[in-house]
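Peer 1: Provide a 3D model corresponding to the input given below.
(one chain, ligands or ions: 1)
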Amino acid sequence: MQVSISHAIGNNQDVHAPQEQAAKVVVEPLTYVDIESVVDVHMEAYHDRPSGMVGRKYARQFLLWFSHQPDAVAIVAKHGDKVLGYGVGAPVGYQRRLNRNLFWTVFWSVLFRPKVWINPIVISNIWSRFLVLLGVSPKESRPPDLPLPLMSYVGAAVSSEARGMGVGFALYKSFEDETRKLGTVKSIRGTVHRDNAAPAKILSKLGWTPWRENKLGYISWFKSL
Ligand SMILES: CC(C)(COP(=O)(O)OP(=O)(O)OC[C@H]1O[C@@H](n2cnc3c(N)ncnc32)[C@H](O)[C@@H]1OP(=O)(O)O)[C@@H](O)C(=O)NCCC(=O)NCCS
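Peer 2: Presented below is the predicted three-dimensional model:
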């Protein structure tokens with residue numbers, strides 16, 4: 001299947017040139033209506049990572065949280081009624097609000113899943129969330145000349161059946177456009193594992209710059225808007 005991709009948000013400008021008999025994929029704001037399908041995409045993509053390992057309930061609340069924040073961006077790519085992917089993000093500093101709002105969901109989700117207790121990413125994640133709740137901000141590593149405030153692109157995924165057709169690119173591009181429209185931040189950050197080639201390729205194409213790699217192999221990427 002080939003896709004042509006438009007922004008329903010904004011001015012219907014095509015991201016990719018329309019192709020003959022192409023299916024129409026639209027990027028629009030994430031709402032409650034699509035949440036279960038978005039959670040399906042999330043659980044498939046992140047089944048082996050902390051945000052998937054702690055279960056559907058957490059994933060649902062985590063993703064909806066972004067759609068409820070006035071300073072955040074939550075978008076979904078759809079073909080007709082079918083959800084193909086999503087992207088969510090919020091300005092750096094969002095973690096404290098998120099952790100406070102989702103504290104009990106995280107607590108119960110982790111308590112009943114002993115398998116996640118020994119995962120190094122989960123342990124590091126929970127530790128930094130705990131510190132954030134106590135008011136201790138994690139050490140930020142970013143280019144010194146980066147204009148602030150900074151938006152964090154927290155998560156994105158495309159269902160396995162729709163990958164490799166430009167849906168991911170459209171979601172990242174739309175995320176940038178929506179962030180610009182908010183008018184409240186001056187740059188964007190995203191974190192990609194060094195072995196995850198697809199998002200790195202998309203970010204390069206969109207003009208993002210890789211910065212530093214942390215001890216778990218995640219590289220921070222930045223772009224000034
Ligand atoms: C990252 C992701 C959203 C990309 O979605 P997508 O719809 O496949 O993206 P696109 O079709 O726009 O493809 C992006 C580029 O990556 C390339 N690509 C896709 N899979 C790849 C792979 N496994 N290795 C190398 N390149 C790959 C594509 O060929 C394309 O490059 P091109 O435009 O030069 O051909 C999707 O792979 C995904 O959901 N992954 C799991 C969750 C995840 O890792 N999210 C990002 C966290 S930072």
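
Peer 1: For the ligand, what is the nearest residue in the chain?
Peer 2: Nearest residue of the chain to the ligand: Gly168, at 2.3 Å (CB to the nearest ligand atom). C-beta coordinates here come from the backbone N, C-alpha and C atoms, glycine included.

Peer 1: residues contacting that residue?
Peer 2: Contacts for Gly168 were tallied using CB atoms under 8 Å, 6 or more residues apart in numbering; they are 85, 156, 158, 198-199, 202.

Peer 1: mind checking how far it is from Gly135?
Peer 2: Applying CB to CB, to the nearest Å, the value for Gly168 to Gly135 is 36 Å.

Peer 1: Likewise for Val116?
Peer 2: In terms of CB to CB, Val116 sits 25 Å off from Gly135.

Peer 1: Which one's more surrounded, those two?
Peer 2: Neighbours per residue, other CB atoms under 10 Å: of Val116 and Gly135, the larger number sits with Val116, 19 against 7.

Peer 1: picking up where we left off before, from the chain's centroid, how far away is the helix or strand hosting the residue of the chain closest to the ligand?
Peer 2: If you go by DSSP states H and E, Gly168 is part of helix 167-182. Mean-position distance between helix 167-182 and its chain equals 11 Å (CA atoms, centre = their mean, to the nearest Å).

Peer 1: Please point out which parts of it sit buried.
Peer 2: 167-179 (16 or more other CB atoms under 10 Å).

Peer 1: What's the mean pLDDT across that helix?
Peer 2: Taken as a whole, helix 167-182 carries a mean pLDDT of 96.

Peer 1: Over to stretch 99-116?
Peer 2: Rounded mean pLDDT across stretch 99-116 is 84.
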